[in-house]
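Colleague: my questions are about this predicted structure, shown below with the sequence.
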Amino acid sequence: MNNASLNIEEAKAFLAANPTVQWIDAFVLDMNGHPRGKRLRRDDLMGVAKSGMMLPASVFIMDPRGNCIAETGRLWSTGDPDYNFRILSGTLKAVPVDGTRFAQAVIVPEKDDPLDPRYVLRKQVERFKAAGHTPVAAVELEYYVTMPGPDGQFTLEAPPGVSRETDIPLTFQFEDLDALQAFNDDIYRIAEAQGLPVDALTQESGPSQFEINLKHTADVVQGALDGLLLKRAIKAAARARGLNATFMAKPHHEWAGSGMHIHMSLLDKGGANVFAGEPISPVFRNVLGGLRETMGDFMAIWAQSANAYRRYVPESYVSMAPHWGFNNRTVALRIPDQMGPGTRVEHRVAGADANPYLVIASILAGAAHGMAKKVDPGPEVKGNSEELDAPGLPTVWANALEKFEHSPIVRDAFGADFQHVYTRLKSAERTNFERVVTSLDHLWYAQVA
């Protein structure tokens, strides 16, 4: 878990190795996982490496549109003070598109802030480390590639050469991958330049929908950051090719949703997987029990936007109840068919638009709860989990936020300050979203009212 700051020597070495870079995007990841920061000139890098850069503390309480939310209690009442941010060592990397004129760097507050999602995840990792365990995780992301409109706005139009059929199964075929191979080459070139451990690329079931995987890592804080940077890399590659890439959880009501699946396991001090057993260990059973018992508490993290809740529909490989099972894609907690050192859980609930820092932190919080309380997960599910009667997850945004706000498990794991602010931030977003009159209101109601 790297928390060192960029030093002068590292900055000098970067400039010498990248003479074409003229601009550097220095950004922090906010609660939504969105980059917020400043674009620096090449000549300003040394000053930032020496002294840092100032940003207002309200950078952590912005909604997806960039509005600072006063309801959080962290805006006017605090005077919105500046924080000094430092570039995180190892994150200053070139972006090899557009003649490699641009680079990027992740910045973190010089002093820990309980609202920083990275800090929230670090605290969960430290809890496991203190108990002699090292979490291991891998991020899988699904996304759509489309053509932008005349003014660059989002559209549902598929790129040239890509299938536009929505009623033909496309999963695991290669035609759309072939049509977008130049774009895919750009993704992997950017990932290589930035040290992102990208694995396989798969065509998914939606038109021009894909899944890309990151490799497992025992540094889950870095793994979460890699997931966020991979999103940015994919978007940069798309722009360079005149395309749009979106991680919306549900870009169209008739298309497959886009999820973020997290594969997670635990190692002991000797590097052995404590989930392994016959077929799984008692510790793993307790982890599964904790993940089941706390899944509703963290629903507001798995689905952090109004659109994300549209993804939870039947027969879509998106479980709406906290079931678990072996090699079963209808459950929320799937155990892949790889036992021994490869034993792990695939957590399949979060939307692709969620923040990997908070998603992994929530998974670890649930796992810690299960281990501490020795929670039994109950029987595994065989066959279609949707045919079983079970308490469902809060798939209405208001209900999920209420559960999150009053959860003692959330408060214990994330802290009362984060719990309060995140709830207020997302409640304000929900209120603002729901008061907007849309074209669907006109289509359904204008002529009958």
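Modeller: Received, thanks.
Colleague: buried residues in stretch 46-62?
Modeller: By 16 or more other CB atoms under 10 Å, the buried positions in stretch 46-62 come out as Val48, Ala49, Gly52, Met53, Leu55, Pro56, Ala57, Ser58, Val59, Phe60, Ile61, Met62. No exception for glycine: its C-beta is placed from N, CA and C like everyone else's.
Colleague: tell me the spacing between the third one and Pro336.
Modeller: Yep, that's Gly52 we're talking about. Distance, Gly52 to Pro336, using CB to CB, to the nearest Å: 43 Å.
Colleague: can you put the buried residues of stretch 46-62 in a markdown table and add pLDDT?
Modeller: Shown next, in a markdown table, are the buried residues of stretch 46-62 (pLDDT from 0 to 100):
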| residue | pLDDT |
| --- | --- |
| Val48 | 97 |
| Ala49 | 97 |
| Gly52 | 96 |
| Met53 | 96 |
| Leu55 | 95 |
| Pro56 | 94 |
| Ala57 | 90 |
| Ser58 | 93 |
| Val59 | 94 |
| Phe60 | 93 |
| Ile61 | 91 |
| Met62 | 94 |
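Colleague: of all pairs in these, which one is the farthest apart?
Modeller: By the measure CB to CB, Ala49 and Ile61 form the most distant pair in the buried residues of stretch 46-62, at 27.5 Å.
Colleague: coming back round to it: just the buried residues of stretch 46-62: which are in helices?
Modeller: Judged by DSSP state H, helices contain the following of these: Val48, Ala49.
Colleague: now, which of the buried residues of stretch 46-62 sits nearest Ile69?
Modeller: Nearest to Ile69 among those, counting by CB to CB, is Ile61 at 5.4 Å.
Colleague: give me the nearest residue to the closest one, chain neighbours excluded.
Modeller: Thr72 (4.6 Å; CB to CB, 6 or more residues apart in numbering).
Colleague: what do you get for Pro81?
Modeller: Ala57 (5.5 Å).
Colleague: before we move on, back to that, residue contacts, the residue nearest to Ile61?
Modeller: Ile61, His420, Val421, Arg424, Leu425, Ala428 (CB atoms under 8 Å, 6 or more residues apart in numbering).
Colleague: from those residues, which land in helices?
Modeller: Members of the contacts of Thr72 lying in helices (criterion: DSSP H): His420, Val421, Arg424, Leu425, Ala428.
Colleague: from these, which is closest to Gly206?
Modeller: Using CB to CB, Leu425 is the member of the ones in helices among the contacts of Thr72 that lies nearest Gly206, at 29.6 Å.
Colleague: just checking, that closest one touches Phe60?
Modeller: No - taking contacts as CB atoms under 8 Å, Leu425 lies outside contact range of Phe60: 9.0 Å.
Colleague: tell me, what's touching the two both at once?
Modeller: Counting by CB under 8 Å, 6+ apart, the shared contacts of Leu425 and Phe60 are Met31.
Colleague: and which of the buried residues of stretch 46-62 is nearest to Cys68?
Modeller: Cys68 lies nearest to Ser58 out of these, by CB to CB, at 4.3 Å.
Colleague: next helix or strand past the helix or strand harbouring Asp226?
Modeller: Per DSSP states H and E, Asp226 falls inside helix 220-240. Counting by DSSP H and E, the element after helix 220-240 in chain order, helix or strand, is strand 244-246.
Colleague: can I get whatever helix or strand comes next after that next one in PDB, CA atoms only?
Modeller: Next in sequence after strand 244-246, counting helices and strands by DSSP H and E, comes strand 260-267. Extracted in PDB, the C-alpha atoms of strand 260-267 (Å, rounded to 0.1, in the frame of the first residue of the first chain):
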ATOM      1  CA  MET A 260     -18.300  -4.200 -11.400                       C
ATOM      2  CA  HIS A 261     -17.400  -7.700 -10.200                       C
ATOM      3  CA  ILE A 262     -14.800  -8.000  -7.400                       C
ATOM      4  CA  HIS A 263     -12.900 -11.300  -6.900                       C
ATOM      5  CA  MET A 264     -11.700 -11.500  -3.300                       C
ATOM      6  CA  SER A 265      -9.700 -13.800  -1.000                       C
ATOM      7  CA  LEU A 266      -7.500 -13.700   2.100                       C
ATOM      8  CA  LEU A 267      -3.900 -14.700   2.700                       C
END
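Colleague: show me the shaky parts of this structure.
Modeller: Along the chain, the model assigns pLDDT under 70 to residues 1, 164-170, 449.
Colleague: contacting residues around stretch 91-101?
Modeller: With contacts defined as CB under 8 Å, 6+ apart, stretch 91-101 is touched by 6, 10-11, 14, 18, 20-24, 102-106, 186, 189-190, 193-195, 225, 229, 233, 236-237, 239-240.
Colleague: give the buried residues for it.
Modeller: Thr91, Leu92, Lys93, Ala94, Val95, Pro96, Val97.
Colleague: list the ones among those residues that fall in strands.
Modeller: Lys93, Ala94, Val95 (DSSP state E).
Colleague: any idea how far Leu92 is from the closest residue in space to the last one that isn't next to it in sequence?
Modeller: It refers to Val95. With sequence-adjacent residues excluded and distances taken as CB to CB, 6+ apart, Val95 is closest to Phe102, at 4.7 Å. Counting by CB to CB, the gap from Phe102 to Leu92 is 12 Å.
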